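1. with the sequence up front, the predicted model follows.
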Amino acid sequence: MSLLPYLEANRFEAGCDEVGRGCLAGPVIAAAVILPSDYQNPWINDSKKLSKRIREELIEEIKEKSLAWAIAESSVEEIDQINILNASFLAMKRAILKLKVIPEHLLIDGNRWKSDLNFPFTCVIKGDGKYASIAAASILAKVYRDELMEKLALDFPHFAWERNAGYPTKAHREGIEKFGSTIWHRKSFQLLPKQLQLDLQ
């Protein structure tokens, strides 16, 4: 079953979502997507519910069929300075500002939105499973972030980032315990349950 194509027809609605809030390492990535009001694709869904292959196949479709799309991030340093929630808002704001079409309304995944942008908005809890534009944004953000963490894993091979994308898995935490943290780890997060003293590099 296809997700809802819009909240209100015939306006530029930008679906916005972020990926990586719960990770111990790496930036938080956000995306914004404006789809045509008549756009339909039964495969578009919450990125977490799709296989890696399906997500990657949908990327070009989303970029080609959307009226506008953009991806942005907040760095590890920004996450540590302003906290992960505010860094997520900042990444979404950056994605929205990069859109080549000015949105008339924002559809924000989640229950909160804070920004100095003047666009009207609607927060949608679990919006990536309800609205196609938010789902499309979640797919763009997740594929981009997964690929980034796979590249970082080549230089930092002890944390299984190519498999866990920086999330707090057993292999990731064992890597931190054995080798310490890296420049890509979020120092404001509890990297280990025991809060061991880490060798900050």
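-> Received it, and whenever you're ready, just let me know what you need.
2. so F189 lies in a strand, does it not?
-> No - remark: F189 does not belong to a strand; assigned using DSSP: H, G, I helix; E, B strand; the rest coil, it is coil.
3. what's the first-to-last distance across stretch 177-186?
-> Stretch 177-186 has its terminal residues 15 Å apart, counting by CA to CA, to the nearest Å.
4. please identify the buried residues of that stretch?
-> 180-182, 184-186 (16 or more other CB atoms under 10 Å). Yep, even glycine has a C-beta here, placed from its N, CA and C like the rest.
5. need the helices for this protein, in chain order.
-> 52-65, 76-82, 84-98, 132-155, 161-164, 170-179 (DSSP state H).
6. so which of those is the most surrounded?
-> Ranked by mean neighbour count, the helices of the chain are led by helix 132-155 with a mean of 23 (mean count of other CB atoms under 10 Å).
7. just want the angle from it to helix 84-98.
-> 110 degrees (axes from the mean of the first three to the mean of the last three CA atoms, to 10 degrees).
8. CA atoms only: put helix 132-155 into CSV for me.
-> The C-alpha atoms that make up helix 132-155 are tabulated as CSV, following Å, rounded to 0.1, in the frame of the first residue of the first chain:
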residue,chain,number,x,y,z
ALA,A,132,5.9,9.5,0.9
SER,A,133,8.0,12.6,1.0
ILE,A,134,9.2,12.0,4.6
ALA,A,135,9.9,8.3,3.7
ALA,A,136,11.9,9.5,0.6
ALA,A,137,13.9,11.8,2.8
SER,A,138,14.6,9.0,5.3
ILE,A,139,15.9,6.8,2.4
LEU,A,140,18.2,9.5,1.0
ALA,A,141,19.6,10.2,4.5
LYS,A,142,20.1,6.6,5.4
VAL,A,143,21.8,5.5,2.2
TYR,A,144,24.1,8.5,2.3
ARG,A,145,25.0,7.9,6.0
ASP,A,146,25.5,4.2,5.6
GLU,A,147,27.9,4.7,2.7
LEU,A,148,29.8,7.4,4.7
MET,A,149,30.2,5.0,7.6
GLU,A,150,31.4,2.2,5.3
LYS,A,151,34.1,4.6,4.0
LEU,A,152,35.1,5.6,7.5
ALA,A,153,35.3,1.9,8.5
LEU,A,154,38.2,1.5,6.0
ASP,A,155,40.3,3.9,8.1
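9. that one vs helix 52-65, what angle?
-> 120 degrees.
10. quick revisit: and the buried residues of stretch 177-186, which is closest to E73?
-> Distance to E73 across the buried residues of stretch 177-186 (CB to CB) is lowest for W184, with 12.5 Å.
11. check the gap between the closest residue to the closest one other than its chain neighbours and G175 for me.
-> Nearest residue to W184, sequence neighbours excluded (CB to CB, 6 or more residues apart in numbering): A25, at 4.7 Å. Computed as CB to CB, to the nearest Å, the A25 to G175 distance reads 10 Å.
12. overlap of the contact sets of those two?
-> F159 (CB atoms under 8 Å, 6 or more residues apart in numbering).
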